[in-house]
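K.L.:
Fold the following for me, if possible:
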Amino acid sequence: MFNSLRFALARRRRGMKKRELATLIGVTERSVSGYESGTQEPELGTLSKIAGALRFPEAFFFGDDPEVPTPDVASFRSLSKMTASLRDSALGAGAIALLLNDWLESRFDLPVADVPDLGSERDSFASNGQFEALSNFPMSQGPEVVAEMLRAHWGLGEHPIKNMILLLESKGIRVYSLAIDAKEVDAFSMWSGGRPFMFLNTFKSAERCRFDAAHELGHLVMHQHGHPQGPDLEREANAFASAFLMPRASILAMAPRSVTLNSLIKFKKIWAVSVAALNYRLHSLGLATDWTYRTLCIQIAQEGYRVNEPAPINHERSVVLEKIFAALRAEGLTKSDVADQLAISPDEINELTFGLMLNVLRGKGEENSGGKTSSPAKLRLVKG
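P.N.:
Numbering: from 1, shown residues only. From the prediction side, this is the model:
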């Protein structure tokens, strides 16, 4: 039976208005509204046009009801600047990722979530002496405290984080990519079925993606209760990200004595952050004067470093998904097999999986599988 919810999801995923889609498939806008409300079903010929226009297999429109994230449960850094179509497209990608994730969870034993609720617990944690390292922080510095608490909880110490995505995945956070070339879409996170999810825009620089990941981690640990939006919560998540990626003790021990643009470029590689993020952190810790900070902000903008990061690092990608696709290939499954089972195009899955779908599920396995669909043994994926 034609699923109106899946039809609405597909349209929003493509960022199309009802009138635009109606024109493409040769029906009235009222008919499109009927398809979405469930009061009307498309004819066979129209269904083929819908599949072509929305780039989803026809079988996709006959699956079970999808879980579609709503703006009130997902954190967006620039929600006020986003158009409705961009927001819907990003949330649509999240819905497709949930379908993919359910399929993966049925086949693989993925890491259990270890993401504590520190937003409501930080007072009790900090006051009971469990985290002695917090004694120098007043509780007014909430995000700084929470960053220290999470590092202590995960046993990270003060060391720089080499691979942010690997760390998140090892703690049970499901990380997917957003292939949306729009500056308004940074990243977003949410909870679904007791599992934390994070979506990162891979069109951003690698340094920006790492900061976005830390920012969303801040939302996951600080804002589990209530709507994770608003300028105050965004500032908290930014402060958390800065403190989590660049711990106070680490910065004080290794920061440059003379804060210049050249020294920022040289030292940013220690923490794998942008020159702008390091400049801000040094100033927030009193290691750079107001004048130095403002001067460097101007220089960074003039050099174009807010867009083109100097001495760029390589993009991180999902280690869990890479291992999963390697395991699927070993079982003889190809990208076409996976796409057919999910009724989602390979390109759609590839955009959510850091390009790993097409890079790993190819070659010998694709030639010899013969459409094999048997489930492989359970696989536990842990931090490597």
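K.L.:
so which helix or strand takes in Met16?
P.N.:
For Met16, there is no enclosing helix or strand under DSSP states H and E.
K.L.:
do you know how far it is from Gly63?
P.N.:
20 Å (C-beta to C-beta, to the nearest Å). Placement of C-beta: from N, CA and C, glycine included.
K.L.:
Who has more neighbours out of these two?
P.N.:
Taking other C-beta atoms under 10 Å, Met16 and Gly63 do not tie; Met16 has more neighbours (20 against 14).
K.L.:
Quick one: low-confidence residue ranges for this protein.
P.N.:
Flagging of the chain using pLDDT under 70 yields the residue ranges 77-80, 120-141, 181-184, 225-229, 362-384.
K.L.:
Show me how it divides into domains.
P.N.:
1-66, 248-302 (automatic domain parsing).
K.L.:
Go through those domains and name the closest to Val338.
P.N.:
Among the domains of the chain, domain 1-66 comes nearest to Val338, with 12.6 Å by C-beta to C-beta.
K.L.:
what about that closest one, distance to the chain center?
P.N.:
27 Å (C-alpha atoms, centre = their mean, to the nearest Å).
K.L.:
From Leu220, how far out is the residue lying closest to Arg281 once chain neighbours are set aside?
P.N.:
The shortest distance from Arg281 to any non-neighbouring residue, by C-beta to C-beta, 6 or more residues apart in numbering, is to Met246 (4.7 Å). To Leu220, Met246 is 19 Å away according to C-beta to C-beta.
K.L.:
Same question for Ala10.
P.N.:
Ala10 sits 28 Å away from Leu220, going by C-beta to C-beta.
K.L.:
Please name the residues that touch the residue nearest to Arg281.
P.N.:
Neighbouring residues of Met246 by C-beta atoms under 8 Å, 6 or more residues apart in numbering: 271, 273, 277-278, 281.
K.L.:
Mind checking which of these land in helices?
P.N.:
Within these, residues falling in helices by DSSP state H are 271, 277-278, 281.
K.L.:
Identify the bridge partners of the most centrally placed residue in the chain.
P.N.:
For the chain, the residue nearest the mean C-alpha position is Phe199 (1.7 Å; C-alpha atoms, centre = their mean). Note on Phe199: beta-bridge partners by DSSP bridges are Tyr176, Phe188.
K.L.:
For Ser205, see how far away it is.
P.N.:
Relative to Ser205, and taking C-beta to C-beta, Phe199 is found at 17 Å.
K.L.:
Using CSV, list the CA coordinates for the strand or helix carrying Ile50.
P.N.:
If you go by DSSP H and E, Ile50 is part of helix 44-54. In CSV, the C-alpha atoms belonging to helix 44-54 read as follows (Å, rounded to 0.1, in the frame of the first residue of the first chain):
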residue,chain,number,x,y,z
LEU,A,44,0.9,3.5,-11.7
GLY,A,45,2.3,5.8,-14.4
THR,A,46,2.4,8.7,-11.9
LEU,A,47,4.3,6.6,-9.4
SER,A,48,7.0,6.0,-11.9
LYS,A,49,7.3,9.7,-12.4
ILE,A,50,7.4,10.3,-8.7
ALA,A,51,10.2,7.9,-8.2
GLY,A,52,12.2,9.6,-11.0
ALA,A,53,11.6,13.1,-9.8
LEU,A,54,12.4,12.4,-6.2
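K.L.:
And that helix, what's buried?
P.N.:
Under the neighbour-count criterion of 16 or more other C-beta atoms under 10 Å, helix 44-54 has 47, 49-51, 53-54 buried.
K.L.:
about what we covered before: could the domains of the chain go into a markdown table alongside distance to Ala339?
P.N.:
A markdown table is the format used below for the domains of the chain (distance: least, C-beta to C-beta, whole Å):
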| stretch | distance to Ala339 |
| --- | --- |
| domain 1-66 | 8 |
| domain 248-302 | 34 |
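K.L.:
Nearest to Ile180 among those would be which one?
P.N.:
Going by C-beta to C-beta, the one of those nearest Ile180 is domain 1-66, 9.2 Å.
K.L.:
which among the buried residues of helix 44-54 gets closest to Ala330?
P.N.:
For these, the minimum distance to Ala330 (C-beta to C-beta) is 31.7 Å, reached by Ala51.
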